[in-house]
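A.B. asks: my questions concern the predicted model and sequence given below.
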Amino acid sequence: MTRWLVLLVMLVPCWSRAQDPSLAPDLLTALRGPQADTARVQSLVKLCFNLTNASPDSAQRFGEEARTIAKRIGDTKGLADAHNNLGYLALNQGHLEEASAQLDTALQLFTTIGKPAYLAVVRSNMGWLAERKGDRVGMLREFQEALKHAEVAKDSSSVAVILYNIGTTYNKMEDYDRARELLLRALRMEEAMDRPDKRAICLMSIGNTYRSEGDTEQALSYYAQAGPLFTRIGDQVGAGLIAENTGGLYEAKDPALALRYYQQALGAYRSVHSGPDMAYILLSIGSMQRALGSYVQADSSLSAGSSLARAHGGAELAMDYEKQRAELASAMGDSKATLAHYERYVALKDSLRNAGTENELMRLRTQFETERAEKDNALLRAKDLETTERLRARNLQLYGSLALAVLALGAVILVWRNLQQRRKHQVVLEGLNTELHEQKARVEEINGLLRLKVLRTQMDPHFIHNCLNAIRALSLKGEHERAEEYLEGFARILRNVLEHSVRDRISLDEEIAFLNDYVRLEQLRLGDDLTWSITADEALLDEEPQVPSLLVQPFVENAIWHGLAPKQGPKQLEVHFFQVDGVVTCRVQDNGVGRTVKAPTPGRTSLGLKLTGERLELLTGRMKSQGGFAIDDLRNEAGAPAGTRVTLSLNVADPA
């Protein structure tokens, strides 16, 4: 995976203010001499900051001493600096609650002082704290507030830093064009300020956006520019990140080469004892070892990395480790471990990526874009006013110099110039209006994509929940052998669930295979009375169509749980895929009790069917194609309920 989380964490020290442990001897010498209390507080604050990575214990001691003296003498600025640096130190060590308390106090004190530059620094640190907690909403909100304060303070250095922070946040939201735009702005500012360390970080981050889009050539080009800069300034972490991200480019085509790059990066991180970076790289190493079949080594790497991830407080990283360990356990045939790791992965995923979080991110993003557009428009209006005033002054001066003899000519020239300016402004305004309409359409498209992703993340845990309920029901009936057989079958299809959950579409063959595996599991619960067939027209199979992943399964599940399970006697289920006027269609039919007399199942609601309907509606709306489903109640010759038939239209291919 692309190292955005680790990159964000490691940039806290080098982005906001450059640490320099070599300053410590001079600062210590100054402390030994006579100093006023206010100057002594500032020396202690600087020692706390510059020793954060080199000597955390000493940094803690100096920060606490600065806090004590500043509080005693009533030095609000020094006290706020001490709390801010102690908060950053706690954040760097993974003590997130302590960091939150220190930074909250610093924010209150800096607010009392009222200087925007100070507020920009502490807000930026609070953004990093939110990132470490896995709170992307809080992260984006704090960085936006920091940018406002930095712009009010006219602090170009802080503006460049915060533009970078927001750019990386947009990359996490998969808006790569907007991320690159902000990162390039930050890069241009860093080049103007001649800060090579931050230039290197910007270059590598821009390369990461291209890597996320699969553009290997552009990614390597930017990495090649960043690498020599990291080497020149002796930044081992930066050099390690270049090796790690380069390795990521070769994961798919050459896992062995990718593993060598990752091990090179691990050596660089170990040389500077960077625990957070080692936690991330061990995840990638374990993944490649699993891909190469080295399961024992992969288990060792993932176990060590998981411990580091917990120690340094990375919630999203812990979620990624649980998913990797579930896949490794599945590959090793350990169904019990697979289930345990996957349950922890689902729990972490639900806690971090719920619908409220995605909606709040979308709102903050729209708010940020609107505020930036309004600010740009205000700047444009100010420039237009300035230009108009300048032209008016020039025209008045020209009119006075030409006097009455050239009055007529001057009037003609003035009118002509005004007409030209109006035309030019009209063209500019029309261009801006066109751009705003395009941005609005783009935001609406992104809103639809985010809603679709929210529904998709809700469906996967629902499917797993239903399977686990089936296992529990068999166990409560005392059918332990069938429960164990059901559990083993469930573990076998977990890999398919993991793979399909990140893909919008799969082939029809894959969908049929998955449905067969699922119905086979349900037969273990219902017994041999259940017979089924899942077929497709030969002509349709020859076309190898793509269908939405896991879309048909909830309808099959609904037929089994609500139609066939309450029925006495033989139970039949038929699923057939065919084409109607070029549209891929699926028919799910059962001979169950029907909808009007079906037996209620305590504690169950058809959430999967509801979510599937919403997902199909979003897909067809975004693709501008036809799609939907219809439910028919079947009756026998006597008019009694004889089953249910569901017909789905699946014409949701990628738009041209």
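C.D. replies: Received the coordinates, thanks.

A.B. asks: doesn't S649 make contact with P548?
C.D. replies: No - when contacts are counted by Cβ atoms under 8 Å, P548 is not listed as touching S649 (11.4 Å). No exception for glycine: its C-beta is placed from N, CA and C like everyone else's.

A.B. asks: OK, contacts around the residue of the chain most remote from its centre?
C.D. replies: Distance from the centre of the chain peaks at A405, with 70.4 Å (Cα atoms, centre = their mean). Going by Cβ atoms under 8 Å, 6 or more residues apart in numbering, A405 touches no other residue.

A.B. asks: residues near Q426, how many?
C.D. replies: 10 (other Cβ atoms under 10 Å).

A.B. asks: average pLDDT for the helix or strand hosting G489, rounded please.
C.D. replies: Following DSSP states H and E, one finds G489 within helix 480-500. Helix 480-500 shows a mean pLDDT of 79 in the predicted model.

A.B. asks: and that helix, how far from the chain's centre?
C.D. replies: Relative to its chain's centre, helix 480-500 lies at 29 Å (Cα atoms, centre = their mean, to the nearest Å).

A.B. asks: how about it: buried residues?
C.D. replies: Under the neighbour-count criterion of 16 or more other Cβ atoms under 10 Å, helix 480-500 has 482-483, 486-487, 489-494, 496-498, 500 buried.

A.B. asks: other SSEs contacting it?
C.D. replies: Contacts defined by 3 or more Cβ pairs under 8 Å, 6 or more residues apart in numbering; DSSP states H and E place helix 480-500 against helix 315-331, helix 335-352, helix 407-476, helix 508-526.

A.B. asks: tell me which of those helices sits most buried.
C.D. replies: Using mean count of other Cβ atoms under 10 Å, the stretch among the helices and strands packed on helix 480-500 with the largest mean neighbour count is helix 315-331, at a mean of 22.

A.B. asks: helices or strands up against that helix?
C.D. replies: Applying 3+ Cβ pairs under 8 Å, 6+ apart, one finds that helix 315-331 contacts helix 275-291, helix 295-311, helix 335-352, helix 480-500.

A.B. asks: tell me the angle of the third one relative to helix 295-311?
C.D. replies: Meaning helix 335-352. When axes from the mean of the first three to the mean of the last three Cα atoms, to 10 degrees is applied, the directions of helix 335-352 and helix 295-311 differ by 30 degrees.

A.B. asks: also the longest one?
C.D. replies: Here helix 480-500 points in a direction 80 degrees away from that of helix 295-311 (the same axes, to 10 degrees).

A.B. asks: show residues contacting helix 480-500.
C.D. replies: So helix 480-500 is contacted by 323, 326-327, 330, 335, 338-339, 342, 460, 463-464, 467, 470-471, 474-475, 506, 510, 513-514, 517-518, 520-521, 524-525, 549-550 (Cβ under 8 Å, 6+ apart).

A.B. asks: roughly how far is the strand or helix carrying Q218 from the heart of the chain?
C.D. replies: Secondary structure from DSSP H and E places Q218 in helix 216-233. With Cα atoms, centre = their mean as the basis, helix 216-233 stands 24 Å off its chain's centre.

A.B. asks: report the mean per-residue pLDDT for the helix or strand just after that helix.
C.D. replies: For helix 216-233, the following helix or strand on the C-terminal side (DSSP H and E) is helix 236-249. On average, the pLDDT along helix 236-249 is 89.
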